[in-house]
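Asks: coordinates for the following, if possible.
(2 chains)
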There are 2 protein chains.
Amino acid sequence: MRWNLPPDSIPEAWFNVVPHLEQPLQPPLHPATREPVGPADLSPIFPMALIGQEVSTEPWIDIPGEVLDVLRLWRPTPLVRATRLEAALETPARIYYKDESVSPAGSHKPNTAVPQAYYNKQEGVRRLATETGAGQWGSALSFACSILGLECKVYMVRASFNQKPYRRTMIEVWGGEVEASPVDDPSDPGSLGSAISDAVRDAVSREDSHYALGSVLNHVLLHQTVIGLEAKEQLALAGEERPDIVIGSCGGGSNLGGIALPFVPDENVAFLAVEPSSCPTLTEGRFDYDFGDVAGMTPLLAMYTLGHDFKPPPIHAGGLRYHGDSPIISHLVKSGRMKAVAYPQDVVFEAAVKFARVQGTVPAPETSHAIRAVIDAAVAAKDAGEETVILFSYSGHGLLDLSAYADYLSGRL
Amino acid sequence: MRWNLPPDSIPEAWFNVVPHLEQPLQPPLHPATREPVGPADLSPIFPMALIGQEVSTEPWIDIPGEVLDVLRLWRPTPLVRATRLEAALETPARIYYKDESVSPAGSHKPNTAVPQAYYNKQEGVRRLATETGAGQWGSALSFACSILGLECKVYMVRASFNQKPYRRTMIEVWGGEVEASPVDDPSDPGSLGSAISDAVRDAVSREDSHYALGSVLNHVLLHQTVIGLEAKEQLALAGEERPDIVIGSCGGGSNLGGIALPFVPDENVAFLAVEPSSCPTLTEGRFDYDFGDVAGMTPLLAMYTLGHDFKPPPIHAGGLRYHGDSPIISHLVKSGRMKAVAYPQDVVFEAAVKFARVQGTVPAPETSHAIRAVIDAAVAAKDAGEETVILFSYSGHGLLDLSAYADYLSGRL
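Replies: Just a heads-up that it's a prediction; the model follows:
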């Protein structure tokens, strides 16, 4: 069962969770002075509109009309009830998911790529530079720049650039330019942290260019709240008062934040962040100030971190391989408002194949982390005999990750 | 702009075009006797329900409830108005497309895979055998068998089996078994015609098994008419009385038939079939009785054909590489009710990239043939100053065809 909303019912404002937090967020610090950063520190890489959103305490922030027009290419996304999965698990739980895989780039990432490109264009920026791991974020930004008429330069982690050419091709189909990172050492396979350094260096060195980040920061999570806001409306259409638990996979935190934050004011809703055992930021990291990148060029953020020099193993869920986490998500976990769990890769793919065989669609490896936790929650509901209402974010499809499935099915994981 | 329909508004009956044809269709002939085939000739490979649909002259055929339940996983599909493409072309034409890429397998193929699996299961068949070229049909049937609890065996053209592993993996994710064809010669790269021979041979040799075909036959086109029926309702919601022209790419004819046939009774609607110049069945073939496969095991069909021993070059639109065509489509073209046009690969990819950069989504190479014709029709409408209403089928996405885009973008086509 699916609940669609008409195109004119996209939320017209983003939900800002900051005024709803019990404690204020700790401010980002300047990497050199360790003093709180001000707008002037960030203006070489971000437009003022986004800097304003980063520190805003307004409860709602209007979405510009031109952004809504582009989001309407695929939004509102469907809310789906996974009745066939419920039946296969014989659970009394009701499982709903928000299908963010229907965007042109195949994930939730365009929800923030579009407003970021828009605000930069409004302030006269002609070109955006960014980094990408497996290519989800780079392809989303290239799509947004194509629609809005900006140039786009993507620094892609070299290992992915060489071994996973398909998202690189997507970036190029939309007109973006891709370069392997790190740019100064062709023998280095690279990492997300070093690609961020390359992209920031590019943006500060050119008058016409800014930098764009696809997760972690407050304004990114803000843009993703359209997911949870739509889900709220659709759950009401489905006759549900509220979800008992909201589940999302968590790398930098933008997917989880998008589905979860609009429900934070409701004390009866529980939250679960799901991460890979091989990069257990929330479950095994320390809460501290740390850099967002390897080279230490970014502001210091108060977050759970494994250390900015942590090198996660090359698991298939490339979007979850980040040493740190969103300050907002970290804050919610630290305060106990949100729980976190970590899973190893094999049980994640087991859940993904089960899901595909009963519900039909093939989820991204990142998304499959959430599905693993959803199945476990639904089985627990069965054991307890409770009609738990579960909501999760189907953050992306796995059509460009089929080699990972081939590895799993042939026992090579 | 998009028009969604609620899940309970899927058409509850398929539209049969046969009673609306001016002349009766010529019957299929037995390959040995050259006499019209009867139900007994077909019963070793097809269930009686599908044999009945193949020769039915009833105007409407009810869709079983269990089939509707599965179709509802992704249907009704959206009707989209390509306003950004219209603006880029500065055309007064209004361009609408039916987005069939949203199915779990990524194309229109599951529309018939599901009822075929259903009717076979109803008649006690436990296992289906089929062929696939690049994998669109094989993955659709594997999906349908997974949902309905049948085994699925797919004979995949060896060249694709070796070089394009991703759709093979999709088939396996859904539990299907894949074997390279021809099975008796590992050095032969294979063809669709010889894979059909392998699959039919499998089905007739096993008591528990039947054969399933993904295009060409009347019952396949019948199942696809949900596309055009939904489009009709959605065009009315969009305020359009009718399309002036319906455009679809045409390999075996199931995609084109699906969007076009429900409009055949309306004399004010024109139709255009789009095929590749390298496999110009409708534009350069002869109308004659011919076999559906290389080995001459299938009934002889009255159709446009390039000869059952024709070997099309390995273009990227694998779904359009078939020597013959649906008897219904062939009949419409022969009578002048439908026109056909052929395009070479380079201008097709040029259109596909243009579409992706303004509308956002990356179309399949097959679909891109239709897009080329749509752009040409929209430009002609501009030259004539006419508000032509164009409807086309966006039959599939190109996410598993990105290597073809890489070839195009780097000038290797």
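Asks: the helix or strand of chain A with the lowest mean pLDDT and chain B in contact?
Replies: Every helix and strand in chain A was compared by mean pLDDT, DSSP states H and E; the lowest is helix A:158-163, with a mean of 88. No: using Cβ under 8 Å from any Cβ of the partner chain, helix A:158-163 never reaches chain B; the gap is at least 12.8 Å. Just so you know, the C-beta spots here come from the backbone N, C-alpha and C atoms, and that holds for glycine as well.
Asks: which strands and helices sit next to that helix?
Replies: Judged by 3 or more Cβ pairs under 8 Å, 6 or more residues apart in numbering or on different chains; DSSP states H and E, helix A:158-163 is in contact with helix A:165-173, strand A:177-181.
Asks: list the buried ones in stretch A:316-328?
Replies: Within stretch A:316-328, the residues that count as buried by 16 or more other Cβ atoms under 10 Å in any protein chain shown are A:316-328.
Asks: wasn't residue A:139 part of a helix?
Replies: Yes: under DSSP: H, G, I helix; E, B strand; the rest coil, residue A:139 falls within a helix.
Asks: contact residues of chain A facing chain B?
Replies: So far as Cβ under 8 Å from any Cβ goes, chain A lies against chain B at A:1-2, A:4, A:6-7, A:72-74, A:84, A:102, A:104, A:106, A:143, A:146-147, A:165-166, A:169-170, A:172-175, A:353, A:356-362, A:399-400, A:402-403, A:405-406, A:409.
Asks: run a quick neighbour tally on residue A:315.
Replies: Counted with other Cβ atoms under 10 Å in any protein chain shown, residues neighbouring residue A:315 total 18.
Asks: go on, residue A:374?
Replies: Neighbours of residue A:374 under the rule other Cβ under 10 Å: 28.
Asks: pLDDT below threshold where in chain A?
Replies: In the predicted model of chain A, no residue satisfies pLDDT under 70.
Asks: in it, where's the longest helix?
Replies: For chain A, the helix with the greatest residue count under DSSP state H is helix A:365-384.
Asks: centre of the chain versus it, how much separation?
Replies: Helix A:365-384 sits 19 Å away from the centroid of its parent chain (Cα atoms, centre = their mean, to the nearest Å).
Asks: packing partners for that helix?
Replies: For helix A:365-384, the elements it packs on are helix A:83-89, strand A:94-99, strand A:245-249, strand A:270-276, strand A:339-343, helix A:345-359, strand A:389-394, judged by 3+ Cβ pairs under 8 Å, 6+ apart.
Asks: what's the first helix or strand after the fourth one?
Replies: It stands for strand A:270-276. helix A:281-284 (DSSP states H and E).
Asks: hmm, back to that, can you redo the helices and strands packed on helix A:158-163 as TSV with mean neighbour count?
Replies: Listed next are the helices and strands packed on helix A:158-163 as TSV, based on neighbours: other Cβ atoms under 10 Å in any protein chain shown:
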stretch	mean neighbour count
helix A:165-173	24
strand A:177-181	20
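Asks: quick one: residues contacting whatever residue of the stretch 301-413 of chain A ends up closest to chain B.
Replies: The stretch 301-413 of chain A approaches chain B most closely through residue A:360 (3.6 Å), counting by Cβ to the nearest Cβ. Applying Cβ atoms under 8 Å, 6 or more residues apart in numbering or on different chains to residue A:360 gives the contacts A:84, B:73, B:74, B:104, B:143, B:146, B:147.
Asks: farthest pair in the residues you listed?
Replies: Spatial extent of the contacts of residue A:360 (Cβ to Cβ) is set by the pair B:74 and B:146 at 14.5 Å.
Asks: once you drop chain neighbours, what's closest to residue A:329?
Replies: residue A:253 (3.9 Å; Cβ to Cβ, 6 or more residues apart in numbering or on different chains).
Asks: what's near enough to touch the one you found?
Replies: A:215, A:216, A:221, A:273, A:325, A:326, A:328, A:329, A:330.
Asks: now, which of these lie within strands?
Replies: Mapping the contacts of residue A:253 onto strands (DSSP state E) picks out residue A:273.
Asks: and which of the contacts of residue A:253 is nearest to residue A:233?
Replies: Using Cβ to Cβ, residue A:221 is the member of the contacts of residue A:253 that sits closest to residue A:233, with 19.5 Å.
Asks: what about the residue lying closest to that closest one once chain neighbours are set aside, distance to chain B?
Replies: Leaving aside its chain neighbours, residue A:221 sits nearest to residue A:257 (3.6 Å; criterion: Cβ to Cβ, 6+ apart). Distance, residue A:257 to chain B, by Cβ to the nearest Cβ, to the nearest Å: 24 Å.
Asks: name the residues that touch the helix or strand containing residue A:257?
Replies: When elements are assigned from DSSP H and E, residue A:257 belongs to helix A:254-260. Residues outside helix A:254-260 that contact it (Cβ under 8 Å, 6+ apart): A:17, A:98, A:100, A:108-109, A:111-112, A:214-216, A:220-221, A:224-228, A:231, A:246, A:248-250, A:271, A:273, A:326, A:328-329, A:338, A:366, A:391-393, A:395.
Asks: is there a quick ChimeraX command that grabs whichever of the residues you listed are buried?
Replies: A single ChimeraX command selects the buried members of the contacts of helix A:254-260 (16+ other Cβ under 10 Å):
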select /A:17,98,100,108,109,111,112,214,215,216,220,221,224,225,226,227,228,231,246,248,249,250,271,273,326,328,329,338,366,391,392,393,395
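Asks: returning to what we had before: which of the contacts of residue A:253 lies closest to residue B:348?
Replies: The closest of the contacts of residue A:253, once distances to residue B:348 are taken by Cβ to Cβ, is residue A:215, at 36.5 Å.
Asks: let me know whether the closest one touches residue A:326 as I believe.
Replies: Yes: with contacts counted by Cβ atoms under 8 Å, residue A:215 reaches residue A:326, the gap being 6.9 Å.
Asks: now the common contact residues for those two.
Replies: A:252, A:253, A:254.
Asks: what about residue A:208, how many residues nearby?
Replies: Neighbourhood size, residue A:208 [other Cβ under 10 Å]: 11.
Asks: contact partners for it?
Replies: Counted by Cβ under 8 Å, 6+ apart, residue A:208 has contacts A:125, A:126, A:127.
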